[in-house]
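Engineer: Here is the input, now give the coordinates:
(one chain, ligands or ions: 1)
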Amino acid sequence: MNLGGDILKLYCREKLKANFYNFVLAKGGRLQTPMLQIKRNLQVKGLWKPDMTCLEMFGMFGLWNTVYYAGDVGHIDFFEIDEAVIKYARKVLKGYEVEFYQADSIRYLTETSKSYDLIYSDIPYGLTEYRGKYGIPNFLSTALLHLRGGGIFITNMDSAEMSRFREIEEYVNHVSHDRVKDMFFVVPGGLIDMKITSTILCVVLNQKKGIKDTENTAGDLRNLRRTGA
Ligand SMILES: C[S@@+](CC[C@H](N)C(=O)[O-])C[C@H]1O[C@@H](n2cnc3c(N)ncnc32)[C@H](O)[C@@H]1O
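Structural biologist: The predicted structure is shown next:
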């Protein structure tokens with residue numbers, strides 16, 4: 001998938017929106033980004049570790065998620081399929097521990113043996129291409145296999161599905177290879193009744209029973225096209 005069009009124009013528009021958000025945040029307004037809500041929730045429960053190794057699957061410019069946690073984790077493998085987009089993400093995330101990869105992150109998950117403490121899956125608009133049951137990404141079980149003990153999986157979802165939260169909980173437990181320790185969602189802007197795709201679901205797994213994290217995991221990444229310096 002390619003965003004197409006004028007990436008610079010898109011970047012400027014997104015940057016303006018993000019600046020407005022950050023201005024309100026700085027003024028102590030009630031506005032909270034999804035990632036800030038999730039991070040706070042996990043910190044309060046003692047589930048957030050400051051040295052986490054993370055995978056951002058659908059990075060874009062990093063303006064809406066990545067930038068709000070990049071300073072509170074150990075490392076991020078940042079995947080974005082469109083190289084022109086990564087050029088701007090690099091500016092946004094300058095100074096943070098981020099490695100940029102221009103590659104398909106879903107495919108990567110099926111090929112790598114690396115595991116992560118946190119996987120953020122902000123799937124592209126519309127949720128159609130990767131939409132599985134309840135609007136949960138169809139690669140959920142693969143992604144969960146790549147979480148270490150206490151690992152966190154975060155995804156965006158269709159708000160309309162949230163009235164079925166208990167069913168969703170059962171479903172996630174069913175596809176998971178591990179015990180789900182905690183699961184919750186946050187609703188950006190409180191827009192639960194609107195048919196928008198901005199509800200965020202967070203799953204924390206108890207302990208690892210899935211694939212083994214091998215020593216040579218760097219090899220998987222080395223085969224990918226790491227972009228720029
Ligand atoms: C909803 S946006 C992500 C927004 C981003 N998380 C942020 O904080 O600004 C989705 C992005 O995923 C990228 N993308 C789509 N399919 C992909 C794939 N299979 N692997 C990696 N990136 C992909 C698109 O190019 C697009 O930039």
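
Engineer: Could you tell me how many residues sit around the nearest residue to Glu83 once chain neighbours are set aside?
Structural biologist: Among residues not flanking Glu83 along the chain, Gln102 sits closest, at 4.6 Å (CB to CB, 6 or more residues apart in numbering). Heads up, the C-betas are built off the backbone N, CA and C, glycines and all. Using other CB atoms under 10 Å, Gln102 has 19 other residues around it.

Engineer: what's the following helix or strand after the longest helix seen in the chain?
Structural biologist: The helix that spans the most residues within the chain, counting by DSSP state H, is helix 7-26. Tracing the chain past helix 7-26, the next element assigned as helix or strand by DSSP states H and E is helix 34-44.

Engineer: So which bits of the longest helix of the chain are buried?
Structural biologist: Ile7, Leu10, Tyr11, Glu14, Ala18, Tyr21 (16 or more other CB atoms under 10 Å).

Engineer: Which strands and helices lie in contact with it?
Structural biologist: helix 83-92 (3 or more CB pairs under 8 Å, 6 or more residues apart in numbering; DSSP states H and E).

Engineer: touching the ligand at all, the helix it packs on?
Structural biologist: Yes. Against the ligand, helix 83-92 shows contacts by CB under 6 Å from any ligand atom at Val85.

Engineer: what's the answer for stretch 16-33, then?
Structural biologist: No. On the criterion CB under 6 Å from any ligand atom, stretch 16-33 is out of touch with the ligand, staying 8.3 Å away.

Engineer: Quick one: distance of that stretch to the chain centre.
Structural biologist: 20 Å (CA atoms, centre = their mean, to the nearest Å).

Engineer: I'd like the C-alpha coordinates of that stretch written as CSV, please.
Structural biologist: Output of stretch 16-33 as CSV, limited to C-alpha atoms (Å, rounded to 0.1, in the frame of the first residue of the first chain):
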residue,chain,number,x,y,z
LEU,A,16,-0.5,21.3,12.0
LYS,A,17,-3.1,19.1,13.6
ALA,A,18,-0.5,17.5,15.9
ASN,A,19,0.8,21.0,16.9
PHE,A,20,-2.7,22.0,17.9
TYR,A,21,-3.1,18.9,20.0
ASN,A,22,0.2,19.5,21.6
PHE,A,23,-0.7,23.1,22.3
VAL,A,24,-3.9,22.1,24.1
LEU,A,25,-2.0,19.3,26.0
ALA,A,26,0.7,21.8,27.1
LYS,A,27,-2.0,24.2,28.4
GLY,A,28,-3.2,21.4,30.7
GLY,A,29,-6.4,20.8,28.7
ARG,A,30,-8.4,17.6,28.9
LEU,A,31,-7.4,16.4,25.5
GLN,A,32,-5.4,13.2,25.7
THR,A,33,-4.0,11.2,22.8
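
Engineer: Dump the buried residues of helix 7-26 into JSON lines; add distance to Asp117 and pLDDT as well.
Structural biologist: Shown next, in JSON lines, are the buried residues of helix 7-26 (distance: CB to CB, whole Å; pLDDT from 0 to 100):
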{"residue": "Ile7", "distance to Asp117": "31", "pLDDT": "91"}
{"residue": "Leu10", "distance to Asp117": "31", "pLDDT": "92"}
{"residue": "Tyr11", "distance to Asp117": "29", "pLDDT": "93"}
{"residue": "Glu14", "distance to Asp117": "27", "pLDDT": "90"}
{"residue": "Ala18", "distance to Asp117": "26", "pLDDT": "87"}
{"residue": "Tyr21", "distance to Asp117": "26", "pLDDT": "80"}
